[in-house]
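Participant: sequence below, structure please.
(one chain, ligands or ions: 1)
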Amino acid sequence: MRIQPIDLYARRNAQMGINMRHLMSSMDFSVEELDQLFDLANDIEKHMDKYAHACAGKKLATCFYEPSTRTRLSFESAMLNLGGSVLGFSDANSSSAAKGESVADTIRVISCFADICAMRHPKEGAPMVAAGRSSIPVINAGDGGHQHPTQTLTDLLTIRSLKGRLDSFTIGLCGDLKFGRTVHSLINALSRYEGMKFIFISPNELRVPDYVTDMLKEKNIPYEEVIRLEDIMPKLDLLYMTRVQKERFFNEEDYVRLKDFYILDKTKMELAGPDMLVLHPLPRVNEISVEVDDDPRAVYFKQVQYGVYVRMALILTLLNIKVD
Ligand code: CP
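Facilitator: Sure, this is the predicted structure:
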């Protein structure tokens with residue numbers, strides 16, 4: 001499952017004198033670059049009108065080989081907010097992938113139609129393959145159980161905007177830590193900030209992969225693995241809930257056994273501090289009871305709105321468009 005970052009495309013573009021960046025992982029941006037991106041996203045939030053024509057004449061292609069509501073529509077909303085246009089497909093079966101076309105060929109074709117592409121694919125590494133063949137910036141919009149960098153940018157912007165910082169938190173990540181790509185991306189990203197402590201809350205079958213804990217050990221970042229959510233609620237500054245990823249299970253029986261392992265409800269929320277924030281990449285299934293939605297600490301719908309601002313900032317950044 002672990003995919004090593006490749007920089008073949010970056011090297012090739014540098015050799016050809018092309019100053020083009022893709023986004024495959026949130027680690028592709030330095031902490032300083034992320035700060036600039038989040039400053040831009042916060043400026044967009046405050047002065048939306050200023051950016052209304054920034055991408056006039058530009059086109060975003062959304063190539064989604066896997067289902068999505070938020071990521072695809074958030075990208076499309078972001079480009080439309082910037083005055084650009086969108087095209088694409090939301091189902092592999094309505095694209096020529098159904099006839100056997102490779103991702104590498106598809107992106108060469110899409111490069112003739114659009115200025116930037118957001119791609120989601122069930123196979124780990126597929127957007128990297130596309131980036132290696134693309135003449136336009138490619139954004140990984142989720143590849144299998146591997147990475148989901150724009151969700152991570154959304155999560156970081158939400159935390160930074162609501163808490164005022166990105167360091168010195170105890171964060172609990174709860175649910176499907178094995179298949180949840182948003183979790184893997186977020187742990188990587190937060191591991192670069194000082195004073196972080198991770199608490200992984202999952203059943204044994206859905207524990208965070210070893211390569212993630214190995215990375216934390218290498219960096220001397222403290223973490224705990226626990227099974228009961230109730231026990232650690234009072235310790236948390238942030239709680240990141242996730243759904244059990246039905247589509248990545250090999251057998252239905254295991255999914256049914258594990259799907260309702262955690263349900264965050266009002267009673268559990270009473271155990272948490274008054275400032276603890278609850279995040280969730282969504283979609284939610286049963287893991288957060290709807291009665292929690294009205295709790296001011298539940299910020300998962302605010303998170304969706306931050307996702308539009310950060311994707312607007314990302315499109316501008318990758319297209320090298322500056323707005324004064
Ligand atoms: N958070 C997220 O990736 O949602 P979608 O699957 O709806 O895009």
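Participant: state the helix or strand in which Arg192 lies.
Facilitator: Under the assignment given by DSSP states H and E, Arg192 is not contained in any helix or strand.
Participant: how about the nearest residue to it, chain neighbours excluded?
Facilitator: Leaving out its chain neighbours, the residue that sits closest to Arg192 by C-beta to C-beta, 6 or more residues apart in numbering is Val31, at 5.5 Å. C-beta coordinates here come from the backbone N, C-alpha and C atoms, glycine included.
Participant: and the one you found, how many neighbours?
Facilitator: 12 (other C-beta atoms under 10 Å).
Participant: distance-wise, check it relative to Leu277.
Facilitator: Distance, Val31 to Leu277, by C-beta to C-beta, to the nearest Å: 21 Å.
Participant: distance from the chain centre to the host helix or strand of Val310, please.
Facilitator: According to DSSP H and E, Val310 maps onto helix 300-318. Helix 300-318 sits 11 Å away from the centroid of its parent chain (C-alpha atoms, centre = their mean, to the nearest Å).
Participant: how about the contacts made by Ile227?
Facilitator: Residues near Ile227 by C-beta atoms under 8 Å, 6 or more residues apart in numbering: 201-204.
Participant: run the last query once more with 7 Å
Facilitator: With contact set as C-beta atoms under 7 Å, 6 or more residues apart in numbering, Ile227 has these partners: Pro203.
Participant: next one: the residue of the stretch 151-300 of the chain found nearest the ligand, what pLDDT does it get?
Facilitator: The minimum distance from the stretch 151-300 of the chain to the ligand, using C-beta to the nearest ligand atom, falls at Pro281 (3.9 Å). Note on Pro281: pLDDT of 96.
Participant: cool, Leu166 as well?
Facilitator: pLDDT, Leu166: 98.
Participant: settle this for me: it is touching Glu194, isn't it.
Facilitator: No: between Leu166 and Glu194 there is no contact under C-beta atoms under 7 Å: 9.4 Å.
Participant: who has more neighbours out of the two?
Facilitator: Leu166 (20 against 8).
Participant: quick revisit: enumerate every residue touching the residue of the stretch 151-300 of the chain closest to the ligand.
Facilitator: Per C-beta under 7 Å, 6+ apart, neighbours of Pro281: 151, 182, 242.
Participant: PyMOL command for the buried members of these?
Facilitator: A single PyMOL command selects the buried members of the contacts of Pro281 (16 or more other C-beta atoms under 10 Å):
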select buried, resi 151+182+242
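Participant: now the contacts of Pro281 in TSV, with secondary structure?
Facilitator: Below are those laid out as TSV (DSSP: H, G, I helix; E, B strand; the rest coil):
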residue	secondary structure
Gln151	helix
Thr182	helix
Thr242	coil
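Participant: so which of the contacts of Pro281 also contact the ligand?
Facilitator: Gln151 (C-beta under 6 Å from any ligand atom).
Participant: looking at the contacts of Pro281, which gets the smallest pLDDT?
Facilitator: Lowest in pLDDT among these is Thr182, which has 90.
Participant: name the element Thr62 belongs to?
Facilitator: For Thr62, the host element (DSSP H and E) is strand 59-64.
Participant: okay, the helix or strand following that strand in PDB with CA atoms only?
Facilitator: Using DSSP H and E, the next helix or strand after strand 59-64 towards the C-terminus is helix 70-81. Taking C-alpha atoms only, helix 70-81 is exported to PDB below (Å, rounded to 0.1, in the frame of the first residue of the first chain):
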ATOM      1  CA  ARG A  70     -17.800  16.600  -1.900                       C
ATOM      2  CA  THR A  71     -14.500  16.400  -3.600                       C
ATOM      3  CA  ARG A  72     -15.700  16.600  -7.200                       C
ATOM      4  CA  LEU A  73     -18.400  19.200  -6.600                       C
ATOM      5  CA  SER A  74     -16.100  21.200  -4.300                       C
ATOM      6  CA  PHE A  75     -13.500  21.300  -7.100                       C
ATOM      7  CA  GLU A  76     -16.200  22.300  -9.600                       C
ATOM      8  CA  SER A  77     -17.600  24.900  -7.300                       C
ATOM      9  CA  ALA A  78     -14.100  26.300  -6.700                       C
ATOM     10  CA  MET A  79     -13.400  26.700 -10.400                       C
ATOM     11  CA  LEU A  80     -16.800  28.300 -11.100                       C
ATOM     12  CA  ASN A  81     -16.200  30.700  -8.200                       C
END
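Participant: contacts for helix 70-81?
Facilitator: Contacts of helix 70-81 (C-beta under 7 Å, 6+ apart): 48, 51, 55, 60, 62, 64, 86, 90, 118, 120, 141-142, 150, 282, 304, 307-308, 311-312, 315.
Participant: cutoff 8 Å now
Facilitator: With contacts defined as C-beta under 8 Å, 6+ apart, helix 70-81 is touched by 48, 51-52, 55, 58-60, 62, 64, 85-86, 88, 90, 118, 120, 139, 141-142, 148, 150-151, 281-283, 304, 307-308, 311-312, 314-315.
Participant: contacts only, for Ala131.
Facilitator: Taking C-beta under 8 Å, 6+ apart as the test, what Ala131 contacts is 9, 22, 24, 107, 138.
Participant: ok, now which ones touch Ile136?
Facilitator: Ile136 neighbours (C-beta under 8 Å, 6+ apart): 20, 110-111, 114-117.
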